[in-house]
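Asks: coords below, sequence missing:
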């Protein structure tokens, strides 16, 4: 399926959007894979950690949280409680992010939200449920839709790297940007993956 999507993106961009076409061609096939429903709590904690941080900084903090959790021999969900706030702070979480993960644990404990509950939802319903959680906004909901549930047609206009990458591809032209997104629908998630890869590799900034 992903190879078919790749060929479709190449075909749709070849004539009208050569910059996009070259990016997709250079990157090759990119994939999205739905995660196990039971992993949603951990994914959301990692999403909170990653808010407004570089990948390297977020990865370091996540590693510390994982080590701290394993050291006491409990699950991450059990670990994210009020009496571990100082430990979470020492791992690198801000006061607001600590509150977010503790409130998240309470939402899971009371079945306000679960991986199975969201599994059959579309992007808008996922957005509605995720943004009701304290500390989670549109960007977080978009990341869940795209990376956890592997929905193929998500575009996050709250993501700084996507905004920067699209600006380069469109020549900072809003109508051109809209035309690109329209051309790749219903595979906007895959375009996002290509742009992130292009930004991370430095290819887009040199385009």
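Replies: That came through fine. Keep in mind it's a predicted model, so treat the numbers as computed, not measured.

Asks: mind checking the longest helix of this structure?
Replies: What stands out as the longest helix in the chain, according to DSSP state H, is helix 55-72.

Asks: What is that helix packed up against?
Replies: Under the contact criterion of 3 or more CB pairs under 8 Å, 6 or more residues apart in numbering; DSSP states H and E, helix 55-72 touches helix 40-50, helix 76-79, helix 85-91. Glycine gets a C-beta too; all of them are placed from N, C-alpha and C.

Asks: Which positions in the lowest-mean-pLDDT helix or strand in the chain come out as buried?
Replies: Scoring the helices and strands of the chain by mean pLDDT, DSSP states H and E places helix 115-119 at the bottom, with a mean of 91. Going by neighbour count (16 or more other CB atoms under 10 Å), the buried part of helix 115-119 is 115, 118.

Asks: got it, and stretch 76-89?
Replies: With burial defined by 16+ other CB under 10 Å, the residues of stretch 76-89 counted as buried are 76, 77, 79, 80, 84, 85, 87, 88.

Asks: How about stretch 32-44?
Replies: Of the residues in stretch 32-44, those scored as buried under the neighbour-count criterion (16+ other CB under 10 Å) are 32, 40, 41, 42, 43, 44.

Asks: need those residues in CSV with distance to residue 59, can you?
Replies: Listed next are the buried residues of stretch 32-44 as CSV, based on distance: CB to CB, whole Å:
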residue, distance to residue 59
32, 20
40, 20
41, 19
42, 14
43, 14
44, 16
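
Asks: I'd like the residues you listed as CSV, with pLDDT appended.
Replies: Compiled in CSV, the buried residues of stretch 32-44 are given as follows (pLDDT from 0 to 100):
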residue, pLDDT
32, 95
40, 96
41, 97
42, 96
43, 96
44, 97
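
Asks: right, and the pair among these with maximum separation?
Replies: For these, the maximum inter-member distance is 20.4 Å, found between 32 and 41 (CB to CB).

Asks: Please, which helix or strand holds the residue nearest to the spatial centre of the chain?
Replies: For the chain, the residue nearest the mean C-alpha position is residue 143 (2.6 Å; CA atoms, centre = their mean). Element membership of residue 143 [criterion: DSSP states H and E] is helix 138-143.

Asks: Count the residues that sit near residue 70.
Replies: Per other CB atoms under 10 Å, the neighbour tally for residue 70 reads 11.

Asks: tell me the contacts of it?
Replies: Taking CB atoms under 8 Å, 6 or more residues apart in numbering as the contact definition, residue 70 lies against nothing.

Asks: Same check on residue 141?
Replies: Counting by CB under 8 Å, 6+ apart, residue 141 touches 126, 127, 130, 131.

Asks: same deal with residue 42?
Replies: Residues in contact with residue 42 (CB under 8 Å, 6+ apart) are residue 76.

Asks: same thing with the one 3 residues further on?
Replies: Counting by CB under 8 Å, 6+ apart, residue 45 makes contact with 65, 76, 80, 101, 104.

Asks: ok, 6 Å please
Replies: The contact partners of residue 45, taken as CB atoms under 6 Å, 6 or more residues apart in numbering, are residue 101.

Asks: so how far is residue 19 from it?
Replies: As defined by CB to CB, to the nearest Å, residue 45 lies at a distance of 36 Å from residue 19.

Asks: ok so, going back, hmm, which of the contacts of residue 141 are the buried ones?
Replies: Buried subset of the contacts of residue 141 (neighbour count, 16+ other CB under 10 Å): 126, 127, 130.
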